[in-house]
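Trainee: All I have is the shape, not the residue letters:
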């Protein structure tokens, strides 16, 4: 039997974390989802939890999502990491490309979440 | 006073139109229904006049309680961006966002935080589009949530009461639920000078392509 996939949702907005979680569990009820509300919290969390997918907000209190994603890229070289952000600026998209991570704009919708989790479905 | 010639004024409205179009698309994605937006109106006002314009023409409307989410942006130019809804509609908007599965008690508990996130998405989608058109970067603060009259919301967003500001004001309507909101951008005189420079660069670029 395939082991369930692991996802870390990093967002200071509780409602955004709730929506992302709902959409993922709606498609894969057995997946294991952890949440963090800051970049610092997320880096702490990955010491004990190894996500295959990290969804990272950008504009958060503290270090912010880009700095957290940069460190996480080094800690989890094989994980799928994507920004999931309201910041639609080209500069932010370019930074995501430089860091070797994905980019998805908010609002969070079922279709966008389906696109973000697709790599995990293709390669269980 | 900084003045804009006809071409600069036209470019300013057009640029904000594109930004607002993007914001409308984001709002529509949040609430799952069509959102219509007005053409931006531009006015030079002091804060009291700005509050009067946002609050509506009669006294009763001006006393209506509004929930506002504001974000401060700086970089190519500085502005205070504010999203405003009537307070009595905010729970309905949050319900449209999260769907029917969340219990009312939990929904009420997360109302303020959810409205901040809605403001964050809508304001960033508009401001981000402007930054992309100007090919510059704008750094935004975290969203701040306020409840009060339109004047209180504008005071909380930091503009001095007697200073003249440029206000870009856009109405938007969620037709199905009869919800009417506003987005406003407040710029002081020095910020307007920077914005004018960005508009000139944009016009040079557009004309160069012509």
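Mentor: In hand now; what should we look at? Just so it is clear, the structure is predicted and the values come from calculations on it, not from any experiment.
Trainee: what about residue B:167, neighbour count?
Mentor: 23 (other CB atoms under 10 Å in any protein chain shown). Heads up, the C-betas are built off the backbone N, CA and C, glycines and all.
Trainee: so is it in a helix, a strand, or just coil?
Mentor: Secondary structure, DSSP: H, G, I helix; E, B strand; the rest coil: residue B:167 is strand.
Trainee: Spatially central, which residue of chain B would that be?
Mentor: residue B:183 (2.7 Å; CA atoms, centre = their mean).
Trainee: what does chain A give?
Mentor: Most central in chain A (CA atoms, centre = their mean) works out to residue A:55, at 0.9 Å.
Trainee: what pairs with the residue nearest to the centre of chain B across the strands?
Mentor: Taking DSSP bridges as the rule, residue B:183 bridges to residue B:83, residue B:170.
Trainee: Which residues of chain B lie near chain A?
Mentor: With the criterion set to CB under 8 Å from any CB of the partner chain, chain B comes near chain A through B:22, B:26, B:29-30, B:94, B:97-99, B:101-102, B:110, B:113-114, B:116-117, B:120-121, B:123-125, B:128-129, B:131-132, B:135, B:137-138, B:140, B:142.
Trainee: which residues of the chain fall in helices?
Mentor: Picking chain A for this. Using DSSP state H, the helices of chain A run over A:14-27, A:39-45, A:65-75, A:90-99, A:110-122.
Trainee: was after chain B, sorry
Mentor: Under DSSP H, chain B gives helices at B:6-31, B:47-55, B:59-62, B:90-98, B:104-109, B:111-134, B:150-156, B:189-209.
Trainee: hey, least reliable of those helices by pLDDT?
Mentor: Of all these, the minimum mean pLDDT falls on helix B:59-62 (a mean of 55).
Trainee: mind putting the helices of chain A in a markdown table, distance to chain B and mean pLDDT included?
Mentor: Output for these, formatted as a markdown table (distance: least, CB to the nearest CB, whole Å; pLDDT from 0 to 100):
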| stretch | distance to chain B | mean pLDDT |
| --- | --- | --- |
| helix A:14-27 | 4 | 93 |
| helix A:39-45 | 13 | 98 |
| helix A:65-75 | 12 | 97 |
| helix A:90-99 | 4 | 95 |
| helix A:110-122 | 9 | 93 |
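Trainee: Quick check, residue A:88 in contact with residue B:128.
Mentor: Yes. If you go by CB atoms under 8 Å, residue A:88 and residue B:128 touch, sitting 3.8 Å apart.
Trainee: Now do the shared contacts for the two.
Mentor: Jointly contacting residue A:88 and residue B:128 under the rule CB atoms under 8 Å, 6 or more residues apart in numbering or on different chains are residue B:22.
Trainee: just to revisit the earlier point, minimum distance to residue A:102: which of the helices of chain B has it?
Mentor: The closest of the helices of chain B to residue A:102 is helix B:111-134. By CB to CB, the value is 17.3 Å.
Trainee: roughly how far is that closest one from the heart of the chain?
Mentor: Relative to its parent chain, helix B:111-134 has a centroid offset of 9 Å by CA atoms, centre = their mean, to the nearest Å.
Trainee: Just the buried positions in it, please.
Mentor: Judged by neighbour count (16 or more other CB atoms under 10 Å in any protein chain shown), helix B:111-134 contains these buried residues: B:111, B:113-134.
Trainee: and what of stretch B:6-21?
Mentor: B:8, B:11-16, B:19-20.
Trainee: Looking at those residues, spot the one nearest chain A.
Mentor: Set against chain A, the nearest of those by CB to the nearest CB is residue B:19 (10.2 Å).
Trainee: got a list of what that closest one touches?
Mentor: B:125-127, B:129-130, B:133.
Trainee: is it true that residue A:82 touches residue A:103?
Mentor: Yes. Contact criterion CB under 8 Å: residue A:82 and residue A:103 qualify, at 6.6 Å.
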